[in-house]
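Colleague: Take a look and give me a structure for this.
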Amino acid sequence: MNFNEKLKEYMELLHCTAKELSDASGLSPATLSRYRSGERIPEISSGAFDRLCLAIATLSAEASCEDLSKDAVAESFLDCPDFIASDQELFRQKLNVLISALHLNIAKLCQCTNYEASALFRIRSGSRKPSDPAKFAADIAGYVAREPRGKAEIEVLARLLDCGAEDLSDPEACFTRLRDWLVSGENRRTEEMAGFLEKLNDFDLDEYIRAIHFDTMKVPSAPFQLPTSKTYFGLKEMMESELDFLKATVLSKSMAPLIMYSDMPMEEMSKDPEFPKKWMFGTAMLLKKGLHLNMIHNVDRPLNEMMLGLESWIPMYMTGQVSPFYLKNVQNDVFLHFLKVSGSAALSGEAIAGYHSKGKYYLTKSKDEVAYYRDRAEQLLRCAYPLMNIYRQDNDDALNLFLRTDAQTPGKRRSLLSAPPLYTMEPEYLEAFLRERFVSVEETQRILAYADFQRQLTGEVLKAGTLEDEVPHITREEFERYPMSLPLSGMFLERDILYTYEDYQAHMRQTEQFAERQPNYHVRWTSAHAFRNLQILLHEGQWAMVSKSRSPAIHFVIHHPKLREALEGFVPPVTEEADQT
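Modeller: So this is what the prediction gives:
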């Protein structure tokens with residue numbers, strides 16, 4: 001018996017109408033209708049599933065027809081063969097990541113696995129579940145393992161499966177690893193991305209500035225006693241060369257922007273407890289001096305190393321003085337390179353892959369040599385692509401233009417939000433909400449105008465495609481510990497305007513009513529509430545935007561496929577507090 005059939009059985013047993021169950025559970029009639037038709041199944045960890053089970057148990061006690069506990073109801077639902085819960089969503093995300101990462105030909109995939117293209121599309125979109133997930137995963141894995149793959153594709157697949165390329169040389173071994181990965185409940189990409197997002201969520205630029213005394217920091221003017229050129233050998237001296245380069249640049253009179261690139265492994269350097277602190281201090285001095293950094297990140301490395309590098313750059317991104325780039329073509333796996341150039345110094349390094357500790361590094365202040373290396377670095381920069389676009393308050397017009405233009409583009413969009421979206425709140429309710437909190441007339445007008453912009457933007461999006469919002473559903477107890485604030489990151493309002501719990505519930509109801517009126521919009525209530533200072537907007541296959549609400553308010557629009565796919569496959573962890581709701 002499937003989930004919807006079990007639900008109908010309970011309703012018949014209790015002589016319960018859909019309206020009575022909707023009122024008792026707090027679920028909207030539209031949501032309950034989707035459950036009854038089999039179109040949707042609630043997540044096992046969601047507030048919706050919890051409320052549904054409790055409502056059935058409560059109605060049972062009131063009817064005195066059968067003694068049903070909430071746990072007994074939940075267990076009976078979990079026995080339904082189609083109740084795959086959160087594993088189903090993870091399976092869908094992994095399938096999409098695999099297809100996107102390997103650029104699989106859908107027509108050929110369907111032909112070789114005997115699946116109709118329309119059925120595969122519905123499985124990928126989440127509107128349909130494979131009748132036999134294990135067989136479906138085996139069919140997909142078999143197709144991928146049998147098809148000839150180039151070196152670059154094998155490397156991508158190896159990073160996806162967290163193994164070496166040599167582990168995939170045998171088709172049978174490749175099949176087994178891929179099949180097991182598809183059906184497993186684990187997702188290393190999610191774990192690695194979660195670490196990065198947690199640091200971004202918790203980061204406070206003001207606290208960071210105070211911690212490193214950036215606001216009182218003085219840029220030294222004493223000359224740095226370094227010979228015109230110097231050669232360094234080995235890992236320890238490589239770290240020394242980096243610090244010497246920073247000193248030479250800070251103490252020079254040049255204000256030329258820096259260009260920096262390295263594909264050297266990072267994990268060994270991160271093990272030294274002192275080097276990251278000194279490096280961060282030196283880089284902070286560059287920013288204090290007012291220099292701009294063009295950072296060419298090496299993304300041709302395992303995701304964990306790439307995320308480690310990006311984490312170290314979070315404070316720099318927040319300043320608006322760093323422009324991140326990447327090289328699109330896959331780099332070779334034999335030679336390692338290192339090039340950092342300022343207006344006064346150049347640092348170049350080289351090593352053989354696997355022998356990083358035996359590399360050689362050369363630092364020079366010679367005018368002619370710096371000019372040579374700068375020309376080389378500028379050539380490299382011209383070959384690079386923006387890793388992400390960073391929007392702060394001083395370029396909010398550019399952000400709004402990007403969103404307006406993209407709204408016309410068809411596609412599937414999904415958001416992971418920290419509160420119900422502003423565009424679902426009724427205008428009159430919002431105005432009264434702000435009036436009750438004595439928000440100034442000027443600020444009220446700004447917020448109302450921003451809310452109107454959000455409604456127009458969402459309307460355009462829903463004409464061209466679909467939108468699903470994942471919104472946390474929390475109890476009053478959790479709300480009292482962590483109050484929610486109105487989602488205003490897009491207007492760069494660096495303060496909280498807090499809900500009451502009653503306002504939060506009212507906004508939830510208005511969001512469900514919005515979903516009932518808009519066939520292309522769906523809201524999914526979830527118990528995952530890991531990030532209270534972040535929201536993620538995904539235009540699948542196009543871009544991903546990570547928005548930080550404060551400290552500072554900032555938006556990162558990511559186009560790079562690997563990072564975008566990691567965000568598309570990201571499943572917010574259910575916090576211990578949320579899991580108890």
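
Colleague: Would you give the sheet partners of the helix or strand residue 467 falls within, along with the direction of each?
Modeller: Here residue 467 sits within strand 465-472, counting by DSSP states H and E. With DSSP bridges as the test, strand 465-472 is paired with strand 411-416 (parallel), strand 521-526 (parallel).

Colleague: Worst mean pLDDT among those?
Modeller: Among those, strand 521-526 carries the lowest mean pLDDT, a mean of 87.

Colleague: Now do that strand: distance to the chain's middle.
Modeller: Taking the mean of its C-alpha atoms, strand 521-526 sits 18 Å from the chain's own mean (C-alpha atoms, centre = their mean, to the nearest Å).

Colleague: Put the alpha carbons of it into PDB.
Modeller: Output in PDB follows, covering the C-alpha atoms of strand 521-526 (Å, rounded to 0.1, in the frame of the first residue of the first chain):
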ATOM      1  CA  TYR A 521       5.100  27.700  -7.400                       C
ATOM      2  CA  HIS A 522       5.600  25.100  -4.600                       C
ATOM      3  CA  VAL A 523       6.600  25.500  -1.000                       C
ATOM      4  CA  ARG A 524       8.200  22.700   0.900                       C
ATOM      5  CA  TRP A 525       8.400  23.000   4.700                       C
ATOM      6  CA  THR A 526      11.500  21.400   6.200                       C
END
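
Colleague: Contacts for the helix or strand just after that strand, please.
Modeller: The element immediately downstream of strand 521-526 (helix or strand, assigned by DSSP H and E) is strand 534-539. Under the contact criterion C-beta atoms under 8 Å, 6 or more residues apart in numbering, strand 534-539 has outside partners 197, 200-201, 406, 409, 411-418, 487, 489, 544-549, 564, 567-568, 570. Every C-beta, even on glycine, is put in place using the N, C-alpha and C of the backbone.

Colleague: any idea how far residue 57 is from the nearest residue to residue 63 once chain neighbours are set aside?
Modeller: Distance criterion C-beta to C-beta, 6 or more residues apart in numbering; nearest residue to residue 63, sequence neighbours excluded, is residue 14 at 5.4 Å. Separation of residue 14 from residue 57 (C-beta to C-beta, to the nearest Å): 10 Å.

Colleague: just residue 16 next, same as before
Modeller: Taking C-beta to C-beta as the measure, residue 16 falls 12 Å from residue 57.

Colleague: Now the common contact residues for the two.
Modeller: Here residue 16 and residue 57 have no joint contacts, going by C-beta under 8 Å, 6+ apart.

Colleague: what's the neighbour count on residue 540?
Modeller: Close neighbours of residue 540, defined as other C-beta atoms under 10 Å, add up to 19.

Colleague: likewise the one 4 residues further on?
Modeller: Using other C-beta under 10 Å, residue 544 has 23 other residues around it.

Colleague: got it, and the one 4 residues further on?
Modeller: When neighbours are counted by other C-beta under 10 Å, residue 548 registers 22.

Colleague: Show the model's pLDDT score for it.
Modeller: At residue 548, pLDDT is 89.

Colleague: do residue 489 as well
Modeller: In this model, residue 489 is scored at 88, pLDDT.

Colleague: how much space between the residue nearest to it when sequence neighbours are not counted and residue 531?
Modeller: Spatial nearest neighbour of residue 489, chain neighbours left out: residue 549 (4.2 Å); criterion: C-beta to C-beta, 6+ apart. Per C-beta to C-beta, residue 549 is found 10 Å from residue 531.

Colleague: Pull up the overlap in contacts between these two.
Modeller: Shared contacts of residue 549 and residue 531, defined by C-beta under 8 Å, 6+ apart, comprise residue 418.

Colleague: which regions of the stretch 101-250 of the chain sit below the pLDDT cut-off?
Modeller: Applying pLDDT under 70 to the stretch 101-250 of the chain flags residues 125-127, 184-195, 205-206, 208-226.
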